[in-house]
Every structure is written in C-alpha cells, then in structure tokens.
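Novice: coordinates only, sequence not included:
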Ligand code: SF4
C-alpha cells in the first residue's frame, strides 16, 4: 500500500467538553500557522515514499477557507509524491460551512468530505457542547452532495448520557437517509483531562450504563447491516455499491486513509500534535501551535519525541489493530512478519475466547465476533 499524509489543523471555534484532540480557539495564529505548515511540508520527511491519501483533520479544518485548503494541497503536491487520483479528505463541521465554501473546496482538489454530525438530536448535541443544530448537520450533508462530492462520510456518537435506543435509532435513520458512502459510529469516551471527565468524576454527570452502551453497539450493527453498510472496523462502516463488474462492493467506500493506521502502512503527520509512523519508528510533533510556528521559523523540525518499536511492542500492536478490524489478524502475514507461529503462541488464549464466543479462529484468520468487539481492550490485553 502507498503511504498516507495527515495534516492537523489546530483550530476550533469552540472546544467541545469531551474532546482531547489538540486545538485552540484563537484563530489569529492561522496565517503564521499556514506559513509554518508550508515550511514543514517543504522539509519532506517522506523520502521516496509515494502517497495515495491526504487527510486534513483536526481540530476543525473547515475553519480554513478554500484558498487556504487549496494552498495546502498544492504545497503538499509540490513537496511529496502524491498520486494524481489520491483520496483527499477534508473534515468539516456543520455550522462552519456554506454551500459556496463546499463547492470551492471541491474545486481546490478535495474529493472526500467527512462531516462531524455527531447527532441530530438537540439534547445530545447540547450535552456534547457542539455549536451546530441537527438542521445545520442535515444542511451540511445536502450542500456537500449538491457541491458534487461523491464520497461523503458522516461521524456519529453514541453512548451519550440519557440516550435511549429510540433516540439512537432516530440518529441512525436520519444519517442513512442521506445515503452517505461511509459512516463512523464512535462511542462517547471520557478522556482524562476533559471537562466531561471531570463532570463525571465530580458526580455532575451520569454516564450511560455499560449494558446500555453495549445494547446501542449491537443496535448499530444490526441497523446498518439492514441498510447495506458493511462494518470493516469496530467503529467504521462502508456502504455497499454495485461495482463496474456488477458485484456488490463496499471496499471502494472505505476510508483509504484510516485503513493505513490499522495496517501498519507508513504515514506522515504534519502540524501540531501530529504523529508519524515510518517502520520501525514512530515520532510526533509538539502539541502547541506557538512552539510549532517558532520551530519552523527557526528552520527546525517541530518534533517532540520519537520511539523505536521493539519487536514485542510491534507484535502487540499488530494484534490490537488486527482485532479492531472485521478481517482480523491474518495469520500467515503475522507469522511471516515476526517469524513466529501465532497459533502455537496463543493457542490457550484463543481457545478460551472461542469457547466464550468472543473470537473466531480459522486457518488463516483470527477475528473478534461482534460480542467480542465489546471487550476489545480486555481481550487484546490477554495476548500480552
Ligand atoms: S470541533 Fe472536533 S476537534 Fe474541535 S473541540 Fe469539538 S470535537 Fe474537538
């Protein structure tokens, strides 16, 4: 697989209380950030790598106008070898885009839009501290379709305090009515350091009970299956379409970029807090826009750290990432990569999970069942 290029846009109009991604609300630093980002791109750390995806995430990339997005794409193409038909994704948030802006993004080279809908329900959106309404979310999807985007992904969140199966089904229903090519359904997590985490710790907020969250996960799988969305990773679903040969195919609608993170394909991350992976090394940038700008103005790379993965670390990550995917761990690939016998190494653990119907093991594949996916972290921990 070709490599992926990720660009972190560190600005948001408002911080959401559950979010632990790095971003700031002071957009006055945007011009200096854009210059710094261009410098970082020109310092190309990709060597001779060829890229088939460019993903602008954040933060809220749609705080940038189309001219700025066009500049990023142009500089990236000048600095890296990016295939002409590369998947170029821009994350956008409802409430920050207009129809004209979306059309102009398309003209600037973006060919995939990922919209942070999260929910259409006013109570849930308010609990998540989002700036948009359900109507804004619907309009953003309509506008993206009218702008000619043929590859649209929607993000939804479930497991929100007070959420019911009925209200989650309503969100799913409204989402599939737009027939997006891709859906990501993430469970709300309480990340240490966030206001939402503090509210839970201090008793101001009661999280949804775990069995309820599990029920919503199962509801998601069932509902989306009925609507022709194929799960390929715990939280990700691609819509089945009829391909050129007349067969049903959902692979074309997967997020080509995100798949790289789960398959150990090299990726380069640019911008504050972005991570990169060039086997066997992983490195990351500083998590501060001002410092990031200072580094690059001084002609230095904005690195904050790096690590070389040991074989054991690598193996554990391959297991964790493999189990996230519905395809699971491909045994022959694993054995060849690490020079081991996966089946022999983990025979006991696998047998135990198979008995509990949490895992399926075949000649060349070890994958979680949908019941097993609910316990990914604890199952993966048993392989250590
Ligand atoms: S808009 Fe997205 S990146 Fe920004 S604070 Fe909210 S969740 Fe985080």
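Specialist: Sure thing, it's come through. Predicted, not measured: the structure shown is a model, and the values here were computed from it.
Novice: Show me which residues of the chain are close to the ligand?
Specialist: 12, 15, 16, 19, 21, 23, 58, 59, 60, 93, 116 (Cβ under 6 Å from any ligand atom). C-beta here means a position set from N, CA and C on the backbone, and glycine is covered the same way.
Novice: Give me the distance between the first one and residue 34.
Specialist: The span separating residue 12 from residue 34 equals 16 Å under the rule Cβ to Cβ, to the nearest Å.
Novice: Looking at these two, which has the bigger crowd around it?
Specialist: residue 12 (21 against 18; other Cβ atoms under 10 Å).
Novice: Model confidence score at the more buried one, please.
Specialist: Per-residue pLDDT puts residue 12 at 97.
Novice: Just want the phi and psi numbers for it.
Specialist: phi -140, psi 150 (degrees, to the nearest 10).
Novice: what kind of secondary structure is the residue nearest to residue 370 when sequence neighbours are not counted in?
Specialist: Excluding its sequence neighbours, the residue lying closest to residue 370 (Cβ to Cβ, 6 or more residues apart in numbering) is residue 221, at 5.5 Å. Classification of residue 221 using DSSP: H, G, I helix; E, B strand; the rest coil returns helix.
Novice: Show me where this protein dips below the pLDDT cut-off.
Specialist: For the chain, no stretch has pLDDT under 70.
Novice: Output the contacting helices and strands for the strand ranked longest in the chain.
Specialist: If you go by DSSP state E, the chain has its longest strand at strand 81-92. On a contact count with 3 or more Cβ pairs under 8 Å, 6 or more residues apart in numbering; DSSP states H and E, strand 81-92 meets strand 50-58, helix 66-79, helix 99-107, strand 112-118, helix 256-262.
Novice: The same query, at a cut-off of 6 Å, please.
Specialist: For strand 81-92, the elements it packs on are strand 50-58, strand 112-118, judged by 3 or more Cβ pairs under 6 Å, 6 or more residues apart in numbering; DSSP states H and E.
Novice: Buried ones in the longest one, by neighbour count?
Specialist: Spelled out, that is strand 50-58. For strand 50-58, a neighbour-count test (16 or more other Cβ atoms under 10 Å) marks 51, 52, 53, 54, 55, 56, 57, 58 as buried.
Novice: separation between the residue in the stretch 251-384 of the chain positioned nearest to the ligand and residue 7?
Specialist: In the stretch 251-384 of the chain, the residue that lies nearest the ligand is residue 273 (11.0 Å; Cβ to the nearest ligand atom). Distance from residue 273 to residue 7, counting by Cβ to Cβ: 11 Å.
Novice: quick one: which of those two has more around it?
Specialist: Neighbour count, other Cβ under 10 Å: between residue 273 and residue 7, residue 7 has more, with 24 against 21.
Novice: Contacts for stretch 352-361 next, please.
Specialist: With contact meaning Cβ atoms under 6 Å, 6 or more residues apart in numbering, stretch 352-361 is reached by 350, 367, 368, 369, 371, 372.
Novice: List buried members of these by neighbour count.
Specialist: Buried among these by 16+ other Cβ under 10 Å: 350, 367, 368, 372.
Novice: which residues touch residue 173?
Specialist: Neighbours of residue 173 in contact, by Cβ under 6 Å, 6+ apart: none.
Novice: State whether it is indeed within a strand.
Specialist: No - counting by three-state DSSP, one finds residue 173 to be helix, located in no strand.
Novice: Return the distance of it relative to residue 304.
Specialist: Between residue 173 and residue 304 the computed distance is 43 Å (Cβ to Cβ).
Novice: again, but for residue 357
Specialist: Counting by Cβ to Cβ - residue 357 and residue 304 are separated by 43 Å.
Novice: Just say helix, strand or coil for residue 371.
Specialist: helix.
Novice: one step back: from the buried ones among the contacts of stretch 352-361, which land in strands?
Specialist: Those of those lying in strands (DSSP E): 367, 368.
Novice: Outline the domain layout of this structure.
Specialist: 3-262, 311-381 (automatic domain parsing).
Novice: Quote the end-to-end distance of the shortest one.
Specialist: Looking at domain 311-381, the gap from its leading to its trailing residue is 17 Å under the measure Cα to Cα, to the nearest Å.
Novice: try stretch 271-289
Specialist: 8 Å.
Novice: Not counting it itself, show me its contacts.
Specialist: Contacts of stretch 271-289 (Cβ under 6 Å, 6+ apart): 6-8, 10, 22, 24, 29, 33, 266-269, 292, 302-309.
Novice: what about burial for the residues you listed, which qualify?
Specialist: 6-8, 10, 22, 24, 29, 33, 266-269, 292, 302, 304, 309.
Novice: Could you work out the most separated pair of the residues you listed?
Specialist: 29 and 309 (33.3 Å; Cβ to Cβ).
Novice: now the helices for the stretch 201-350 of the chain?
Specialist: Using DSSP state H, counting those that start in this stretch, the helices of the stretch 201-350 of the chain run over 210-226, 256-262, 289-297, 311-324, 331-338, 342-355.
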